[in-house]
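A.B. asks: would you be able to build a 3D model of this:
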Amino acid sequence: MKTSSLTIVLFFLFTVCSFAQDDLYDKLIKQDRKIESQKNKISELKDDIKNKKHEHDSIIEIKQTLIEKIRSDLQKISSENIDKIQEAERRVKDQLLDKISLNYLSNNNFDDLINSSNIQTLRRDRDLLVTKLLTNKRLKQKFDDLEVYFTSIALLDIPFNETKVKTARQKLSLIKQQSKLIPELNENLEYYQDTYQGFTDCIDTIKSIDLKGMVNGKGRPIEMIKYNNIVAEISSYIKLYGLTYSNYPYISEILFKIIDKKYRNVDANIQTLLNN
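C.D. replies: Numbering: from 1, shown residues only. Below is the predicted model of the structure:
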């Protein structure tokens, strides 16, 4: 009887343990499946992140490529525009230089060129046309002849200088241009020495009049006698040498200043006018 009861108890315990093991096994399987499912989700998430990163990198690469292309296109357009602007500037400059050179070449009247220019404009145009002057002998000859004329006539604006006047006359004689002004200038230079000597004699006479005495304060009539003597001396000189402002500007300017200064103060010293 005891044996039978023990058997029953053992059977019961075995059965209970068996059920417990089965239940634990089921739980382990479920837990394992859950872990596997989580691993799959993590793997999928990693793949998704990797794909998104690849897409992001691709987008950035595409944007960078577009930016580089846009920058390249802008640089190309800018370069083309600069080239167009520079080309337009060159055309305008060439047209202007052609117009300037044509003015010298088309004008066959040398005196018209003299009257329409001066040494400053001539040198300015020479600097502008430096390339054309290297290849166009006719144009260069006109420039050279004009410069000889203007540098020569400038000698009449300063006190007489024998060496410079002699050199200028030699250069003027080589000009082949048809002109009325060149012979006139050559003649004025030829007689500049005599005219200038007459001028210095006239100045010496005026100084001798001053040395005769001071008349300021002795009354206007006495002052005018001295003044009229000075003006008479100047007038006699002008008439004798055929002086005009156009043929001997330096001498004429000094004499006009003397007349004006002596009218204001007949005893004034004229030496300061000669020193300027």
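
A.B. asks: and D210, what is it in contact with?
C.D. replies: D210 makes contact with 267, 269-270 under the criterion C-beta atoms under 8 Å, 6 or more residues apart in numbering. In this view, the C-beta of every residue, glycine as well, is placed from N, C-alpha and C.

A.B. asks: in ChimeraX, how would I select the buried members of those?
C.D. replies: To isolate in ChimeraX the members of these that are buried, counting by 16 or more other C-beta atoms under 10 Å, one can use:
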select :270
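
A.B. asks: narrow the contacts of D210 to those in strands?
C.D. replies: Among the contacts of D210, no member falls in strands (DSSP state E).

A.B. asks: tell me the secondary structure at P159.
C.D. replies: Classification of P159 by DSSP: H, G, I helix; E, B strand; the rest coil places it in coil.

A.B. asks: surely it is in contact with Y250?
C.D. replies: Yes: between P159 and Y250 there is a contact at 6.6 Å, judged by C-beta atoms under 8 Å.

A.B. asks: who has more neighbours out of those two?
C.D. replies: With other C-beta atoms under 10 Å as the criterion, P159 and Y250 differ in neighbour count, and Y250 comes out ahead with 17 against 13.

A.B. asks: confidence score at that one?
C.D. replies: On pLDDT, Y250 comes in at 97.

A.B. asks: what do you get for K76?
C.D. replies: pLDDT, read off for K76, is 69.

A.B. asks: check Y191 too.
C.D. replies: With respect to pLDDT, Y191 has a value of 97.

A.B. asks: show me the contacts for it.
C.D. replies: Y241.

A.B. asks: which of the contacts of D210 lies closest to K257?
C.D. replies: Nearest to K257 among the contacts of D210: I270, at 8.3 Å, using C-beta to C-beta.

A.B. asks: what are the phi and psi values at the closest one?
C.D. replies: phi -90, psi 0 (degrees, to the nearest 10).

A.B. asks: that one touches K261, doesn't it?
C.D. replies: Yes: with contact defined as C-beta under 8 Å, I270 counts as touching K261 (6.6 Å).

A.B. asks: what is the burial count for L189?
C.D. replies: 20.

A.B. asks: typo on my end, S152
C.D. replies: Neighbours around S152, by other C-beta under 10 Å: 22.

A.B. asks: and the closest residue to it other than its chain neighbours, what element?
C.D. replies: The shortest distance from S152 to any non-neighbouring residue, by C-beta to C-beta, 6 or more residues apart in numbering, is to A168 (3.9 Å). When elements are assigned from DSSP states H and E, A168 belongs to helix 162-172.

A.B. asks: now what about that helix, what contacts it?
C.D. replies: Contacts of helix 162-172 (C-beta under 8 Å, 6+ apart): 148-149, 151-152, 155, 182, 185-186, 189-190, 192-193.

A.B. asks: select only the buried ones of those in ChimeraX?
C.D. replies: Command for ChimeraX that selects the buried part of those, burial taken from 16+ other C-beta under 10 Å:
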select :148,149,152,155,182,185,189,192
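
A.B. asks: from the contacts of helix 162-172, which is closest to N108?
C.D. replies: Nearest to N108, judged by C-beta to C-beta, of the contacts of helix 162-172 is I182 at 14.9 Å.

A.B. asks: how close does I254 sit to K41?
C.D. replies: 114 Å (C-beta to C-beta, to the nearest Å).

A.B. asks: more neighbours: which of the two?
C.D. replies: I254 (19 against 10).

A.B. asks: contacting residues for that one?
C.D. replies: 199, 273-274 are the contacts of I254 under C-beta under 8 Å, 6+ apart.

A.B. asks: tell me the helix or strand right after the helix or strand harbouring it.
C.D. replies: Using DSSP H and E, the element containing I254 is helix 249-264. Using DSSP H and E, the helix or strand that follows helix 249-264 towards the C-terminus is helix 271-275.

A.B. asks: list of residues touching that following helix?
C.D. replies: Outside helix 271-275, the residues touching it (C-beta under 8 Å, 6+ apart) are 203, 254, 257-258, 261.

A.B. asks: returning to that earlier point: which parts of the helix holding A168 are buried?
C.D. replies: 165, 168-169, 172.

A.B. asks: from those, which is closest to R138?
C.D. replies: Distances from R138 to those, taken by C-beta to C-beta, are shortest for L172, at 19.6 Å.

A.B. asks: which residue sits closest to that closest one, ignoring its sequence neighbours?
C.D. replies: Excluding its sequence neighbours, the residue lying closest to L172 (C-beta to C-beta, 6+ apart) is N186, at 5.1 Å.
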